[in-house]
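K.L.:
Quick one: sequence and predicted model below, then my questions.
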Amino acid sequence: MSSAGGGGRRVSTPSLIRVWDPLVRFFHWGLVLSIGVSWLSANSLEDLHNSTGYAAGALVGARAAWGLVGSRYARFSDFVRSPRTVLAYLADIGRGQEARYIGHNPAGGAMVICLLLATAATALTGWLLTTDSFWGVRWMQHLHDLLAHVLLLLAGIHIGGVMLASFRHRENLVGAMIFGRKRRED
């Protein structure tokens, strides 16, 4: 509690907790930037497209390693849940009864994994298209394009989930991913 003014009234201020460490935040916004630039440069600036695709792939590799050894809320063990738990959480969302989590909720954790896999697959197929074995191979180009579209769809669902959770739990999740802190309690 903190004092507000000279009237003696006490105003409750929420206690903040550090959740997203600098590496997680750098990874997140770096991935947003690299995927966005890759998407926008896909048909016009091949060197930029390739460079940002490689950057996205490298970021996924770094995040995968950090998911094993990183800070508490960055570790996969903190947020990867069973499919049953994820489905139960999604059902709770449908009923408007989902619990608030300090780190990723079960649906958010599943989305992290989906986004990492889709980004890795898109980067891998993009790289394969530069090799002698797959240069000019149409099915590989179609697969790369399909994966890029799936990645964009997942990103849209992710943004929708962030907006819903921010509204339902009355917190700014985008701000938390910028500054690294969330309120401790409801």
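P.N.:
Perfect, thanks for sending it.
K.L.:
residue nearest the centroid of this protein?
P.N.:
residue 112 (5.1 Å; Cα atoms, centre = their mean).
K.L.:
give me every residue that touches it.
P.N.:
For residue 112, the contact set (Cβ atoms under 8 Å, 6 or more residues apart in numbering) comprises 79, 104. In this view, the C-beta of every residue, glycine as well, is placed from N, C-alpha and C.
K.L.:
and the gap between it and residue 155?
P.N.:
12 Å (Cβ to Cβ, to the nearest Å).
K.L.:
Send me whichever strand or helix holds the residue nearest to the centre of the chain as PDB with only the CA atoms.
P.N.:
Applying DSSP states H and E as the criterion places residue 112 in helix 106-128. Below are the C-alpha coordinates for helix 106-128, written out as PDB (Å, rounded to 0.1, in the frame of the first residue of the first chain):
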ATOM      1  CA  PRO A 106      -1.100 -23.400 -21.300                       C
ATOM      2  CA  ALA A 107      -2.500 -22.000 -24.600                       C
ATOM      3  CA  GLY A 108       0.300 -19.500 -24.800                       C
ATOM      4  CA  GLY A 109       2.900 -22.100 -24.100                       C
ATOM      5  CA  ALA A 110       1.400 -24.300 -26.900                       C
ATOM      6  CA  MET A 111       1.500 -21.300 -29.200                       C
ATOM      7  CA  VAL A 112       5.200 -20.600 -28.400                       C
ATOM      8  CA  ILE A 113       6.000 -24.200 -29.500                       C
ATOM      9  CA  CYS A 114       3.900 -23.900 -32.600                       C
ATOM     10  CA  LEU A 115       5.500 -20.600 -33.600                       C
ATOM     11  CA  LEU A 116       9.000 -21.900 -32.900                       C
ATOM     12  CA  LEU A 117       8.400 -25.000 -35.000                       C
ATOM     13  CA  ALA A 118       6.800 -23.000 -37.900                       C
ATOM     14  CA  THR A 119       9.600 -20.500 -37.900                       C
ATOM     15  CA  ALA A 120      12.200 -23.200 -37.900                       C
ATOM     16  CA  ALA A 121      10.500 -25.100 -40.700                       C
ATOM     17  CA  THR A 122      10.100 -21.900 -42.800                       C
ATOM     18  CA  ALA A 123      13.700 -20.900 -42.300                       C
ATOM     19  CA  LEU A 124      14.900 -24.500 -43.100                       C
ATOM     20  CA  THR A 125      12.900 -24.800 -46.300                       C
ATOM     21  CA  GLY A 126      14.100 -21.300 -47.300                       C
ATOM     22  CA  TRP A 127      17.700 -22.300 -46.800                       C
ATOM     23  CA  LEU A 128      17.100 -25.600 -48.700                       C
END
